[in-house]
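Chemist: quick one, what's the 3D model for this:
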Amino acid sequence: WEMPPYLDVDKPKDWSHANAIVPNGDNWVVSLRNLDRIIEIDPTTNSVEWIFGPRGDFELAEGSRWFSRQHSPMITEDGNVLMYDNGLDRFDTSEHPEERPFTRVVEYALDHEAMTATEVWSWDGGDRYVCPITGTVQYLENGNHFISDGALLEDISAITPSSPPHYSARLREIVGTTDPEVIWELIVGTPEDTEAPSWYVYRAERIDSLYPPFARAE
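Modeler: Predicted coordinates for the structure are as follows:
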């Protein structure tokens, strides 16, 4: 499969790369990574209720930025869209010509009457990084966020057909959104030893315990 941009028209195209589907009431929300789109589908009629992303149904509010090559969208209790934004080829690249690709987690509020999308929170790790593939973000019951940077890459420009990239992974739990604090971190692989094999974590989920309580027999 050839990934965007499609320079060779004769090769098979991974044109949509649907990588997630989550419920939203009676409907389904689907992530189409290679289209930079999140869509909602009515499973009864098979109709697309809305399209969220560049050139979609929503106008982006001032001060907000579009996501790119996303993973792991979820609908919060407030009805917002939270996702892992890999950020490889942002729609506003021409407005930031000196900016290198960077990854973040981001949350948007969608106004379905005004059809506007407002970025209410985002976090780029404090020290920008890039994770070109995989990644998840999970909103926890305690109000924290659990983030999986599943394939960290030191320099995205170093990827060539003859030089496969060296990946490692990082799992973090953060507290707060104004100035997030990392309270737990796990590194998977060898980020400093690029001669060692790569490690990936496609998805990760934080659970409270492997040993849930059970009811005792009377």
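Chemist: need the per-residue pLDDT for the residue nearest the centre of the chain.
Modeler: Per C-alpha atoms, centre = their mean, the C-alpha nearest to the average position across the chain is that of Tyr84, at 1.8 Å. pLDDT recorded at Tyr84 is 98.
Chemist: quick one: contacts of the one helix or strand it maps to?
Modeler: Taking DSSP states H and E as the criterion, Tyr84 maps to strand 81-85. If you take C-beta atoms under 8 Å, 6 or more residues apart in numbering as the criterion, strand 81-85 is touched by 29, 31, 38, 52, 67-76, 103-108, 110, 122, 135-137, 139, 147-148. (C-beta placed from N, C-alpha, C; glycine too.)
Chemist: which residue ranges form the strands in this structure?
Modeler: Assigned by DSSP state E, the chain shows strands spanning 18-24, 27-32, 37-42, 47-52, 59-60, 71-75, 81-85, 104-111, 116-123, 136-139, 145-152, 168-175, 181-188.
Chemist: where does the chain dip in pLDDT?
Modeler: Residue ranges of the chain with pLDDT under 70: 1-5, 155-162, 212-218.
Chemist: if we can go back for a sec, mind giving me the PyMOL command for buried ones among the contacts of strand 81-85?
Modeler: Per 16 or more other C-beta atoms under 10 Å, the buried members of those correspond to this PyMOL selection:
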select buried, resi 29+31+38+52+67+68+69+70+71+72+73+74+75+103+104+105+106+107+108+110+135+136+137+139+147+148
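Chemist: ok, now how distant is the residue nearest to the centre of the chain from Val201?
Modeler: For Tyr84, the distance to Val201 equals 12 Å [C-beta to C-beta, to the nearest Å].
Chemist: overlap of the contact sets of those two?
Modeler: Ser148.
Chemist: in the sheet, who's paired with the residue nearest to the centre of the chain?
Modeler: Taking DSSP bridges as the rule, Tyr84 bridges to His71, Val105.
Chemist: for the remainder of this discussion, apply numbering that starts at 25.
Modeler: Got it, first residue is 25 now, which makes that one Tyr108.
Chemist: what is the neighbour count of Tyr226?
Modeler: Per other C-beta atoms under 10 Å, the neighbour tally for Tyr226 reads 14.
Chemist: OK, contacts around the closest residue to it other than its chain neighbours?
Modeler: Once flanking residues are discounted, Tyr226 sits nearest to Thr158: 4.9 Å by C-beta to C-beta, 6 or more residues apart in numbering. Contacts for Thr158 (C-beta under 8 Å, 6+ apart) come out as His95, Ser172, Gly174, Ala175, Tyr224, Val225, Tyr226, Arg227.
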